[in-house]
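Asker: Kindly generate the corresponding structure for this input.
(4 chains)
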There are 2 protein chains.
Amino acid sequence: MVGQEGDDTADASDVVGGDANAPVALDDGLRGELAELTATLCKALNDPKRLLLIYALADGPRSVGALAETLGASQTNVSQHLAILRERGVVGTERRGPSIIYSLRYPELIGAVDQLRGILSRELDRRQQLVAG
Amino acid sequence: MVGQEGDDTADASDVVGGDANAPVALDDGLRGELAELTATLCKALNDPKRLLLIYALADGPRSVGALAETLGASQTNVSQHLAILRERGVVGTERRGPSIIYSLRYPELIGAVDQLRGILSRELDRRQQLVAG
DNA sequence: CTCCCAGATGCGCAGGTACGCATATACTTG
DNA sequence: CAAGTATATGCGTACCTGCGCATCTGGGAG
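Answerer: Have a look, this model is predicted:
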């Protein structure tokens, strides 16, 4: 059982129908659900190792073993993190011989994370200036 | 407002500067640290209520009480979440009379989150199709 | 100074999450 | 079928996090 499957994530179906990319113009109730869903996605990015995994996968599909070695983490641990990313729909799997190859399902995700990193570095820069001067 | 992306470029060095040492390109170790920092920022976005707070603040600075009412949450709870956002540098405060006004320090953050939401809605869309056939 | 209002903070509990270990499953080869 | 390799999963533990309750702090009014 390698494929992707449904999981928790409640009945997001409602949300899907109504919204696609309208930034800030929703009903209050929907906003709550959408925020919850977004938070669900954010949880995928909530862990340093998962972020590392995502960046590793940005370079192309990889096997679990390869990823484990890249991160310097155990197979078990990496597998667990990948399971989370899989549940959240961030990565997809494909069997290749004895190995299972993971890949990013939404490469744009890297762009979003990079944007966060940009904000982060500006923030750190600012703190530096506070300390320095 | 979801516009810009594809920037980053060498922000890593700056980040490092804030941390400890020399201007090296990001090797494995640094990537780990950067991922950790990014995860720290992501933790700010990890909670539905905090996301809601951020979106509320996107409309302009607001007092704690106003935010609490908007979210339908208790003052204590909102204050706690705001404290987290403050620690992470996401929001700033300003005293105005008896109230304390919170505001977004990096409005671009909304753009990044919107990007995540875009990915999310695509993902949900995809799941719908799976169910629908 | 005293009272009140807007927020912040400490504490304790409940639920969630990461991790390692041992074990189960799927594919491959002999 | 047996053994080996590549991943996945269940369990127990230690830690982190969200939440409410009670309490403390700071500004403004009488």
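Asker: Can you give me the buried ones in the longest helix along chain A?
Answerer: Across chain A, the longest stretch assigned as helix under DSSP state H is helix A:108-132. Across helix A:108-132, burial judged by 16 or more other Cβ atoms under 10 Å in any protein chain shown covers A:109-124. (Glycine included, C-beta is placed from N, CA and C.)
Asker: Show me which pair in those is furthest apart.
Answerer: Farthest apart among the buried residues of helix A:108-132 by Cβ to Cβ are A:109 and A:124. That separation is 22.3 Å.
Asker: Quick one: name the residues of chain A near DNA strand D.
Answerer: A:1-2, A:63-66, A:75-76, A:79-80, A:82-83, A:93, A:98-101 (Cβ under 7 Å from any atom of the strand).
Asker: what's the longest helix of chain A packed up against?
Answerer: Applying 3 or more Cβ pairs under 8 Å, 6 or more residues apart in numbering or on different chains; DSSP states H and E, we find helix A:108-132 packed against helix A:48-58, helix B:11-19, helix B:28-44, helix B:108-132.
Asker: mean confidence for that helix?
Answerer: The pLDDT scores in helix A:108-132 average 84.
Asker: Pick out the residue of chain A closest to DNA strand C.
Answerer: Nearest residue of chain A to DNA strand C, counting by Cβ to the nearest atom of the strand: residue A:77, 3.6 Å away.
Asker: which is the next helix or strand following the helix or strand where that residue lies?
Answerer: Here residue A:77 sits within helix A:75-87, counting by DSSP states H and E. With elements assigned by DSSP H and E, the helix or strand that comes after helix A:75-87 is strand A:91-96.
Asker: Give the buried residues for that next one.
Answerer: Neighbour-count burial for strand A:91-96 flags A:91-93 (criterion: 16+ other Cβ under 10 Å).
Asker: on that earlier part again, mind checking which of the residues of chain A next to DNA strand D are buried?
Answerer: Counted by 16+ other Cβ under 10 Å, these give A:64, A:79, A:82, A:93, A:101 as buried.
Asker: Please dump those into JSON lines; it should also carry distance to DNA strand C and pLDDT for every row.
Answerer: Shown next, in JSON lines, are these (distance: Cβ to the nearest atom of the strand, whole Å; pLDDT from 0 to 100):
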{"residue": "A:64", "distance to DNA strand C": "12", "pLDDT": "98"}
{"residue": "A:79", "distance to DNA strand C": "8", "pLDDT": "98"}
{"residue": "A:82", "distance to DNA strand C": "11", "pLDDT": "98"}
{"residue": "A:93", "distance to DNA strand C": "12", "pLDDT": "97"}
{"residue": "A:101", "distance to DNA strand C": "12", "pLDDT": "98"}
